[in-house]
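In: Prediction below, plus the sequence it came from.
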Amino acid sequence: MPVYIGRIPGDPFTGFDRDDTGRPLVDGFSGGTSHPRICRRISETDFFGHPVSSGGVAAQGRKAATSMDRLLSKVSPTAGREREGAISTRLSTDISGVTPRPRLDLVGDPGTGAVTCDRDLAAREADRCIQCDCSRCLRVCTYLTEFKGYPRRYAREIYNNAAIVKGEKKANLLINSCSLCRLCETVCPNEFSMADLCLEARQEMVQSDRMPVSAHDFALQEMAHAAGDACFFARHAPGSGRSDQIFFPGCQLLGSAPDQATRVYEFLLTNLPGRTGFVTGCCGAPARWAGRPALETDTLARFTSFWEDAGRPTIITACSACTWTLSRHLPDADIVSLYKTLLDLKDCLPAVPRNTAPNPVNIIDPCTAREDHAVQDAVRSLARSAGVIIQELPAAGALTECCGFGGLVFNANPTLTQKINQQRAGQSDQDFLAYCAMCRDRLARVGKKTAHLLDLFWPQTDHPEQRKDPGFSGRHDNLAQVKHRMLAELWQELPTPHLPEGPVVPVRYNPGMKQILEDHFILESDIEQVLSHIGTGTPPFYNPDTRTYISFFRPGRVCFWVAFRKHETGIEIVNAWSHRMQVIPNTLFVPGTPTEPHNETIVCRSCDNGELGFFKNHVEYLGSRFDVVLPQCKNCGMIYISPDIARGRMAEVEKILEDK
């Protein structure tokens with residue numbers, strides 16, 4: 001049996017090697033001696049004879065006990081114990097905000113020399129421990145705290161998610177909720193990047209056809225709209241066939257403040273030497289965030305072609321995401337920030353209205369400008385030249401935080417985006433000044449007074465910091481309208497294609513309806529498509545209790561439903577909803593009991609056959625087919641999908657199927 005030698009007067013044991021002082025030679029890790037069955041421990045000192053605390057004594061005793069247990073089990077006393085005890089790790093605890101507290105000395109008895117410690121003293125001494133952990137990234141990232149874990153655990157979950165062949169992929173939302181802003185990498189001493197991990201996972205999901213359809217679909221459709229014929233145009237300076245530089249404002253500035261972007265271009269035309277061209281469209285960043293690099297390249301192709309044909313002139317960008325994306329795709333291009341250009345032309349800038357920024361403001365740096373210190377400095381110099389007093393936030397410059405648009409988090413996880421924006425808005429009582437159009441709009445969306453840097457020189461209202469978020473529908477329409485207006489006014493061209501005609505009769509929305517559209521990614525143009533599909537015909541359904549007509553239309557992957565009232569002066573939209581599932585009518589009309597409550601009275605107006613009955617029908621999504629009892633007209637077979645079913649059980653099943 002192994003023997004453990006503690007504090008024994010005279011040290012009577014013999015038979016093992018000793019050092020020059022007569023002490024037995026002891027292995028510094030396991031406590032073993034030259035005798036195969038003996039471990040030694042000295043109470044007041046460690047294995048090397050150095051004084052240790054009472055905690056150290058207990059730790060060394062436990063280590064020796066483990067060694068003895070291993071000897072009894074006839075296994076190596078050292079194998080696999082590399083991480084036992086005090087070891088060097090990559091753990092790095094941020095103590096910048098910790099106030100040092102002095103050690104509480106234990107009191108010894110003058111007579112016996114015994115050291116005593118009462119419960120209160122022990123508790124106060126233990127309270128000095130700051131609980132070292134590796135949480136720098138968690139302290140600055142709402143996303144990382146949202147999923148109640150650490151990057152190490154997330155990495156394991158993402159790896160396991162990719163290995164699932166059949167079954168629910170529970171890490172899909174985790175993967176698609178990262179804004180890819182790289183703040184975690186910036187604050188981590190070991191430069192661990194959740195962005196790289198999540199982006200690679202997204203690309204693998206796309207390649208294996210396992211990316212949830214709804215995660216990025218809306219964002220990618222809007223990117224296609226911005227880069228498509230309805231919005232894209234590229235022109236040299238008016239009256240010229242060449243460009244010395246090109247102004248590329250980006251789709252977000254044009255969508256948020258089209259008149260302002262036009263005025264900036266007119267300023268550049270007047271004050272920059274040489275000829276300045278103009279290009280709209282999208283840089284393709286949303287495609288990259290969605291894990292689709294090939295689509296990113298395709299989206300940028302029209303811009304690249306114009307730039308190449310123009311002789312590769314200097315590119316002036318107003319969006320830091322565009323700057324970053326263009327730099328990756330066109331490494332030889334001369335790309336200059338609009339704000340550095342404006343700083344060079346500051347003596348030519350318009351006079352600043354007195355009430356634009358009367359109080360100190362906080363600068364909001366976009367996450368895509370995290371490492372672009374030259375642009376950060378130019379922005380601050382421009383603001384100060386306009387008389388703005390700047391108070392820096394802790395989360396500024398290299399430590400700035402994402403607004404939730406980056407990485408398409410707003411599409412994949414709207415609830416998290418709301419938390420991110422609210423947390424960001426709550427960092428200061430001062431008004432914010434942004435130079436990213438989307439940062440400005442996302443903060444305005446949660447009620448934070450936020451102006452754009454360009455508002456200092458080209459304000460659109462007397463109080464630009466109070467300007468509302470134009471919303472998805474506003475940006476969508478602005479991008480098409482600014483193309484037609486600029487081509488007509490600056491280049492005297494009649495653009496094609498023509499702007500789509502609006503509804504035949506005026507349309508107004510019930511209070512709160514536009515927010516419902518925003519929350520469910522439904523555009524006002526989608527509503528107009530449904531109404532246009534009806535034309536002058538009869539809407540298929542009618543609710544006599546609410547006196548609302550109900551119609552639907554599926555222009556693509558999504559089916560849109562609209563409930564509205566008819567008035568002498570036009571149409572009033574009272575509700576709208578959508579679903580992705582395909583509904584397949586069953587003409588056998590087998591009666592059934594609905595699994596979901598249905599409290600509406602709906603009648604069919606297509607054939608005036610009265611109130612709908614409940615019959616078994618089919619729904620399909622992603623190759624799966626189900627039998628579901630739904631309200632249906634027995635005469636014409638028309639099926640009604642209620643907003644409760646579409647937003648409830650149907651949306652739930654769609655997500656389950658997408659995550660398989």
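Out: Yes, it's here.
In: Just the helices from the stretch 201-350 of the chain, written as ranges.
Out: Under the criterion DSSP state H, counting those that start in this stretch, helices of the stretch 201-350 of the chain are mapped to 213-227, 251-256, 258-271, 285-289, 293-309, 320-329, 338-344.
In: Pipe those helices into a markdown table and attach mean neighbour count, distance to F147 and mean pLDDT per row.
Out: The C-beta positions use only the backbone N, C-alpha and C, and glycine is treated the same way. A markdown table is the format used below for the helices of the stretch 201-350 of the chain (neighbours: other Cβ atoms under 10 Å; distance: least, Cβ to Cβ, whole Å; pLDDT from 0 to 100):
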| stretch | mean neighbour count | distance to F147 | mean pLDDT |
| --- | --- | --- | --- |
| helix 213-227 | 21 | 16 | 97 |
| helix 251-256 | 26 | 28 | 97 |
| helix 258-271 | 18 | 38 | 97 |
| helix 285-289 | 27 | 19 | 98 |
| helix 293-309 | 17 | 26 | 97 |
| helix 320-329 | 21 | 25 | 96 |
| helix 338-344 | 21 | 36 | 98 |
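In: Out of these, which is closest to Q391?
Out: Ranking those by proximity to Q391 (Cβ to Cβ) places helix 338-344 first, at 19.5 Å.
In: Switch the helices of the stretch 201-350 of the chain over to TSV; also include distance to T21.
Out: Converted to TSV, these look like this (distance: least, Cβ to Cβ, whole Å):
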stretch	distance to T21
helix 213-227	70
helix 251-256	75
helix 258-271	82
helix 285-289	67
helix 293-309	68
helix 320-329	66
helix 338-344	71
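In: Which among those is found nearest to V530?
Out: Closest among the helices of the stretch 201-350 of the chain, once you apply Cβ to Cβ, is helix 213-227, at 16.7 Å.
In: and the angle from that closest one to helix 293-309?
Out: 10 degrees (axes from the mean of the first three to the mean of the last three Cα atoms, to 10 degrees).
In: Restrict helix 213-227 to CA atoms and write it as CSV.
Out: Below are the C-alpha coordinates for helix 213-227, written out as CSV (Å, rounded to 0.1, in the frame of the first residue of the first chain):
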residue,chain,number,x,y,z
VAL,A,213,-34.7,29.7,-46.8
SER,A,214,-36.1,32.5,-44.7
ALA,A,215,-32.9,33.4,-43.0
HIS,A,216,-31.7,35.8,-45.7
ASP,A,217,-34.3,35.6,-48.4
PHE,A,218,-35.8,39.1,-47.9
ALA,A,219,-32.4,40.8,-47.6
LEU,A,220,-31.1,39.1,-50.8
GLN,A,221,-34.3,40.0,-52.7
GLU,A,222,-33.8,43.7,-51.7
MET,A,223,-30.1,43.5,-52.8
ALA,A,224,-31.3,42.1,-56.1
HIS,A,225,-33.7,45.0,-56.4
ALA,A,226,-31.0,47.6,-55.7
ALA,A,227,-28.6,46.0,-58.2
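In: what does stretch 487-501 contact?
Out: The contact list for stretch 487-501, computed with Cβ atoms under 8 Å, 6 or more residues apart in numbering, reads 229-230, 233, 235, 238, 266, 480-481, 483-484, 525, 528.
In: Straight-line length of stretch 425-440, end to end?
Out: One end of stretch 425-440 sits 11 Å from the other (Cα to Cα, to the nearest Å).
In: Repeat that for stretch 535-549.
Out: Counting by Cα to Cα, you get 14 Å between the two ends of stretch 535-549.
In: for the record, mean pLDDT for that stretch?
Out: Average pLDDT, stretch 535-549: 90.
In: Need the contact partners of it.
Out: 504, 550-552, 563-566, 574-575, 600-606, 612, 638, 640.
In: just to revisit the earlier point, just the buried residues of the contacts of stretch 487-501.
Out: 230, 233, 235, 238, 480, 483-484, 525, 528 (16 or more other Cβ atoms under 10 Å).
In: Which one of those residues is nearest to R119?
Out: So of the buried ones among the contacts of stretch 487-501, ranked by how close each gets to R119 (Cβ to Cβ), first place is S525, at 70.5 Å.
In: With the flanking residues excluded, which residue is spatially nearest to the closest one?
Out: Nearest residue to S525 in three dimensions, chain neighbours excluded: H476, at 6.2 Å (Cβ to Cβ, 6 or more residues apart in numbering).
In: That neighbour: how many residues sit nearby?
Out: Applying other Cβ atoms under 10 Å, we find 22 residues neighbouring H476.
In: okay, and for this protein, where does confidence drop off?
Out: Per-residue confidence for the chain (pLDDT under 70) gives these ranges: 1-16, 26, 28-32, 34-58, 106-117, 353-358, 499-504.
In: about what we covered before: out of the contacts of stretch 535-549, which end up buried?
Out: Buried among those by 16+ other Cβ under 10 Å: 550-552, 563-564, 574, 600, 602, 604-605, 612, 638, 640.
In: For the stretch 401-550 of the chain, which segments count as helices?
Out: Secondary structure of the stretch 401-550 of the chain by DSSP H, counting those that start in this stretch: the helices cover 409-412, 414-425, 437-445, 471-490, 513-519, 524-534.
In: What residues does S135 make contact with?
Out: Contacts of S135 by Cβ under 8 Å, 6+ apart are 94, 150.
In: what separates it from A378, distance-wise?
Out: The gap separating S135 from A378 is 34 Å, by Cβ to Cβ, to the nearest Å.
In: Same question for T270.
Out: 20 Å.
In: thinking again about what came up before, what's the closest of the contacts of stretch 487-501 to Y621?
Out: For those, the nearest to Y621 is S525 (24.4 Å; Cβ to Cβ).
In: tell me the contacts of V653?
Out: 581, 621, 626.
In: returning to what we had before: of all the buried ones among the contacts of stretch 535-549, which two lie farthest apart?
Out: V574 and M638, at 20.5 Å, using Cβ to Cβ across those.
In: neighbour-wise, which of the contacts of V653 leads?
Out: Counting neighbours by other Cβ under 10 Å, M581 comes out on top of those with 23 neighbours.
In: Hmm, R649 and that one touching each other?
Out: No - using Cβ atoms under 8 Å as the test, M581 is too far from R649 to be in contact (10.3 Å).
In: Need the residues touching each of these two.
Out: Joint contacts of M581 and R649 (Cβ under 8 Å, 6+ apart) do not exist.
In: mind listing what's buried in stretch 580-592?
Out: Judged by neighbour count using 16+ other Cβ under 10 Å, the buried positions of stretch 580-592 are 580-581, 583, 585-586.
In: how near is C633 to M194?
Out: In terms of Cβ to Cβ, C633 sits 51 Å off from M194.
In: Next: T314.
Out: According to Cβ to Cβ, T314 stands 35 Å off from M194.
In: Between these two, point out the one with more neighbours.
Out: Neighbours were tallied for T314 and for M194 using other Cβ under 10 Å; the higher tally belongs to M194 (26 against 17).
In: check contacts around that one.
Out: 137, 143-144, 151, 154, 178, 184-185.
In: which one among these gets closest to R467?
Out: For these, the nearest to R467 is Y143 (27.6 Å; Cβ to Cβ).
In: list the buried ones in the strand or helix carrying the closest one?
Out: In this assignment (DSSP states H and E), Y143 forms part of helix 142-146. For helix 142-146, a neighbour-count test (16+ other Cβ under 10 Å) marks 142-144, 146 as buried.
In: And for stretch 623-631?
Out: 628-631.
In: ok, now stretch 162-176?
Out: For stretch 162-176, the buried set under the neighbour-count rule, 16+ other Cβ under 10 Å, comprises 169, 171-176.
In: Verify the stated contact: T314 with D244.
Out: Yes - the criterion here is Cβ under 8 Å, and T314 meets it with D244 at 7.1 Å.
In: Quick one: the helices in the stretch 51-200 of the chain, in order.
Out: Here the stretch 51-200 of the chain has its helices, by DSSP H, counting those that start in this stretch, at 54-72, 119-126, 136-140, 142-146, 151-163, 172-176, 183-187, 194-207.
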